[in-house]
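Visitor: fold the following for me, if possible:
(one chain, ligands or ions: 2)
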Amino acid sequence: MLILCIESSCDETAAAVIRDGRKVLSNIVASQVDVHARYGGVVPELASRKHVEAISVVINAALDTAGVDLAEIEGIGVTRGPGLVGALLVGLSTAKAMAWSLDIPLAAVHHMEGHILAPFLEEPPEFPFLALAVSGGHTHLYRVDGIGRYRIIGQTLDDAAGEAYDKVAKLLGLGYPGGALIDKLAGQGAADAIAFPRPMLHRPNFDFSFSGIKTAVLQYIEQVDKPIDQRHMADIAASFQEAMVEVLTRKTLRAVAQEGLERIVVAGGVACNSGLRARFKELAGGQGFQVYFPSPSLCGDNAAMLGVPADYYLDNGRQADISVNAISSWPLDLAGVV
Ligand code: KG4
Ligand code: ZN
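Guide: Ligands and ions are numbered 1, 2, ... in the order given. You can find the predicted model right below:
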């Protein structure tokens, strides 16, 4: 089945053409980062407006790159939520209009479902597996027994991992979005320079809390009584990254052991993080589990990742009704059935 996928949940307008839920024929992403950077974060109204401007251009680019005519498209997959509701509505309304006018079925997908199934576009893991979904809005551990079969094992009680990265980057004056900038800077610093806290690491559950690390960085910066030079900034970034990586990897490993699983998928924008990728790979060697990371282009927001669940749902006759609405807040374990 040839599916056109559309994603507009936050600040990326994206479209992709996917064959049989596995082969990426095109994957176009138009980022709005420049628009939001000067405000230090995503401005929802501006995001919606930019999606309106970009959506047709991005869809046409996805069809052109794939070398596919609109008439050949057999189904549409779209992000229904969670996300900014005005932003979601741009993609969803476009998808509904296209499905209706072309008389083809529509699959309304959960954004995080796309993220955690992204590895199926490259090196498909076998089910079951544990998924660590780390993005700007999510830090969740899911047990995944199949497409549409997700159980939440743990989640952040406050900030998401990407949010913590972005807030610390702002404190360091690095700009938005800050995750990749801190990651780069961390490579030049000493990870053991400053002992930032590891919140909830020793609690016997699988929940996370990152607002304490962010506050600790703020308090550290406030008590430094001389200007912070580049070297010192790099040490702060590396020490912060070490705290994040340690909490994320150790909790994930405990969860995989408790669930008796052998495979871990790490997905979402923060899965681009070089420290996180290196640590998981290092631990996987010694502890006998396999770890799957999507390529960086499939970790951040994109539409190709929606092709995996969309193809599955359409193949199983689980198409969305044309009246389907966007959902800004939507737990993944309740998704799957539209
Ligand atoms: O999945 P994503 O593109 O969008 C959401 O669904 O939120 O994730 C974006 C988040 C941002 O917070 C960004 O700073 C973070 O992923 N991020 C990173 C890195 N690249 C992106 N965080 C840490 N290290 C990176 N290399
Ligand atoms: Zn995302």
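Visitor: who are the neighbours in contact with the residue nearest to the spatial centre of the chain?
Guide: Nearest residue to the geometric centre of the chain (CA atoms, centre = their mean): residue 268, 2.4 Å. By CB atoms under 8 Å, 6 or more residues apart in numbering, the contact set of residue 268 is 112, 115, 133, 134, 135, 138, 162, 299. In this view, the C-beta of every residue, glycine as well, is placed from N, C-alpha and C.
Visitor: mind running it again at 7 Å?
Guide: Shown in contact with residue 268 (CB atoms under 7 Å, 6 or more residues apart in numbering): 115, 133, 134, 135, 138, 299.
Visitor: return the member of the residues you listed nearest to ligand 1.
Guide: Closest approach to ligand 1 among these (CB to the nearest ligand atom): residue 135, at 3.3 Å.
Visitor: what is the neighbour count of the closest one?
Guide: By other CB atoms under 10 Å, 24 other residues sit near residue 135.
Visitor: where does the nearest residue to residue 178 once chain neighbours are set aside land on pLDDT?
Guide: Spatial nearest neighbour of residue 178, excluding adjacent residues (CB to CB, 6 or more residues apart in numbering): residue 169 at 1.9 Å. Note for residue 169: predicted pLDDT of 96.
Visitor: helix or strand for residue 169, which one?
Guide: Assessed by DSSP states H and E, residue 169 sits inside helix 161-171.
Visitor: would you map the strands across the stretch 151-300 of the chain?
Guide: Secondary structure of the stretch 151-300 of the chain (DSSP state E, counting those that start in this stretch): strands at 263-267, 290-292.
Visitor: in CSV, list those along with mean neighbour count.
Guide: Below are these laid out as CSV (neighbours: other CB atoms under 10 Å):
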stretch, mean neighbour count
strand 263-267, 24
strand 290-292, 20
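Visitor: among these, which comes closest to residue 326?
Guide: Residue 326 lies closest to strand 263-267 among these, at 21.9 Å (CB to CB).
Visitor: so residue 141, which of the three states?
Guide: Reduced to three states with DSSP: H, G, I helix; E, B strand; the rest coil, the structure at residue 141 is strand.
Visitor: mind listing the residues bridging to it?
Guide: Beta-bridge partners recorded for residue 141 (DSSP bridges): residue 132, residue 154.
Visitor: tell me, how many residues neighbour it?
Guide: Using other CB under 10 Å, residue 141 is surrounded by 26 other residues.
Visitor: likewise the one 5 residues further on?
Guide: Residue crowding around residue 146 was assessed by other CB under 10 Å; the count is 10.
Visitor: which residues pair with it across the strands?
Guide: In this entry, residue 146 is beta-bridged to residue 149, by DSSP bridges.
Visitor: hmm, it is touching residue 127, no?
Guide: Yes. Counting by CB atoms under 7 Å, residue 146 touches residue 127, with 5.1 Å between them.
Visitor: ok, now which ones touch residue 269?
Guide: Applying CB under 7 Å, 6+ apart, one finds that residue 269 lies in contact with 135, 136, 162, 179, 299, 300.
Visitor: what's the burial count for the residue of the stretch 1-150 of the chain found nearest ligand 1?
Guide: Per CB to the nearest ligand atom, residue 136 is where the stretch 1-150 of the chain lies closest to ligand 1, at 2.8 Å. Neighbour count for residue 136, taken as other CB under 10 Å: 24.
Visitor: what number of residues lie near the closest residue in space to it that isn't next to it in sequence?
Guide: Spatial nearest neighbour of residue 136, excluding adjacent residues (CB to CB, 6+ apart): residue 162 at 3.8 Å. Residue 162 has 25 neighbours, counted by other CB under 10 Å.
Visitor: and residue 1, by the same measure?
Guide: The number of residues packed near residue 1 is 16, by other CB under 10 Å.
Visitor: so what's the residue nearest to it when sequence neighbours are not counted up against?
Guide: Nearest non-adjacent residue to residue 1, counting by CB to CB, 6+ apart: residue 74, 5.0 Å away. Counting by CB under 7 Å, 6+ apart, residue 74 touches 1, 2, 3, 104.
Visitor: keep only those of those that are in strands.
Guide: Residues of those located in strands (DSSP state E): 2, 3.
Visitor: top of the contacts of residue 74 by neighbour count?
Guide: residue 3 leads the contacts of residue 74 on contacts (other CB under 10 Å) with 26 neighbours.
Visitor: partners of that residue in the sheet?
Guide: Counting by DSSP bridges, residue 3 is bridged to residue 18, residue 75.
Visitor: close to ligand 1, is the helix holding residue 169?
Guide: Yes. Using CB under 6 Å from any ligand atom, helix 161-171 reaches ligand 1 at 162, 165, 166.
Visitor: how long is stretch 308-321 end to end?
Guide: Stretch 308-321 stretches 19 Å from its first residue to its last (CA to CA, to the nearest Å).
Visitor: buried ones in that stretch?
Guide: Residues of stretch 308-321 classed as buried: 308, 309, 310, 311, 312, 313, 314, 318, 319, 320 (neighbour count, 16 or more other CB atoms under 10 Å).
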